[in-house]
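# Just need the structure, nothing else, for what follows:
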Amino acid sequence: MFKQFFTLARGRSEDMAISIMDANALTILRQQLRDAARGVEKTRKALAVIMAYSEREKASLEKMETQITDLEARALEALEKDHEDLALDASEAIANLEAEADATRNTVSRYASEIARLRICLKDSEAQLIDLKRGLRLAEANERAIKLRGALPDMATTDLEDAAETLKRLQARQEQATATADAMVQLSTQTHAGSLEDRLASAGCGVPRQSDAATVLARLKAARKSNKA
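Next up, the predicted model:
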């Protein structure tokens, strides 16, 4: 049981840490890029220092090679003049210079390898840093868009829905008012026409609009007579 509680505590702790990291991902990324930029700058400075050391060693090597060439020429001239002791001293100096020159060549070679490695590393790091900065700008833009999308739509959607409902009610009321007005006009027209027809019929113009008792009786007699025939 204790082990399960311990596991639960660790799980909650990690969940909280992940939640905090997710909530502050942009801040963390910006700081990581600042740290990376400083690292790239250190690499650039290290490369510059090694290149300076390499140039110094190359100059030293060139100087030693010049001295060796000069001492060899002087030693040969000493031998020609039977100054073997001087030629021996020159030979010892040449031997020392050659040993130092070999060591310097090895140093220059190591510097060259390190310079090549750092150049590649710096180039890759700079390219990656540029990509990450571009990604950061995109992430920041997306984050701003998400915040705006999260802050505005509820209010905007509510306002739009309210406006649409108001317009719908207004249109329905206008349609009802129009239909009522049309019906009133139609009824008024029909009433006026009917009244005029009644007046004309009463004056003996045309067929009476309503049948009176005499007319009905006359119609019935005519029908009875027709049936007998």
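
# how near is D162 to A172?
Applying CB to CB, to the nearest Å, the value for D162 to A172 is 16 Å. Heads up, the C-betas are built off the backbone N, CA and C, glycines and all.

# by contact count, what packs against the longest helix along the chain?
Scanning the chain for the helix with the most residues, using DSSP state H, yields helix 84-151. Packing contacts for helix 84-151, counted by 3 or more CB pairs under 8 Å, 6 or more residues apart in numbering; DSSP states H and E, involve helix 25-80.

# low-scoring stretches of the protein, by residue?
Residue ranges of the chain with pLDDT under 70: 1-23, 149-160, 181-218, 228-229.

# again, 50 this time
Counting by pLDDT under 50, the chain has no low-confidence residues at all.

# what sits against R105?
By CB atoms under 8 Å, 6 or more residues apart in numbering, the residues touching R105 are L61.

# Just the buried residues of stretch 116-123, please?
118, 122 (16 or more other CB atoms under 10 Å).

# From the rest of the structure, what touches it?
With contacts defined as CB under 8 Å, 6+ apart, stretch 116-123 is touched by 40, 43-44, 46-47, 50.

# Grab the CA positions of stretch 107-115 and hand them over as PDB.
The C-alpha trace of stretch 107-115 is given here as PDB (Å, rounded to 0.1, in the frame of the first residue of the first chain):
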ATOM      1  CA  THR A 107      50.400  20.800 -33.300                       C
ATOM      2  CA  VAL A 108      49.500  22.600 -36.500                       C
ATOM      3  CA  SER A 109      47.900  19.300 -37.800                       C
ATOM      4  CA  ARG A 110      45.900  18.900 -34.600                       C
ATOM      5  CA  TYR A 111      44.800  22.500 -34.800                       C
ATOM      6  CA  ALA A 112      43.700  22.000 -38.400                       C
ATOM      7  CA  SER A 113      41.600  19.000 -37.400                       C
ATOM      8  CA  GLU A 114      40.000  20.800 -34.500                       C
ATOM      9  CA  ILE A 115      39.400  23.900 -36.700                       C
END
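
# How about residues contacting it?
By CB under 8 Å, 6+ apart, stretch 107-115 touches 47, 50-51, 53-54, 57-58, 61.

# Buried ones among the residues you listed?
Buried by 16+ other CB under 10 Å: 47, 50-51, 54, 57-58, 61, out of those.

# CSV for the residues you listed, including distance to D102?
CSV is the format used below for these (distance: CB to CB, whole Å):
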residue, distance to D102
L47, 26
I50, 20
M51, 22
S54, 16
E57, 12
K58, 14
L61, 10
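
# Which single one of those residues is nearest to E143?
L47 (35.4 Å; CB to CB).

# The closest one - nearest residue in space that isn't next to it in sequence?
In space, and not counting its chain neighbours, L47 is closest to L118: 4.3 Å by CB to CB, 6 or more residues apart in numbering.

# now the angle between helix 25-80 and the longest helix of the chain, please.
Here helix 84-151 runs at an angle of 170 degrees relative to helix 25-80 (axes from the mean of the first three to the mean of the last three CA atoms, to 10 degrees).

# ok, now how distant is L220 from N227?
Distance, L220 to N227, by CB to CB: 11 Å.

# Neighbour count for the two, which is higher?
L220 (10 against 7; other CB atoms under 10 Å).

# one step back: among the contacts of stretch 116-123, which one lies nearest to A101?
Nearest to A101 among those, counting by CB to CB, is I50 at 20.3 Å.

# Please consider this matter closed, and thank you.
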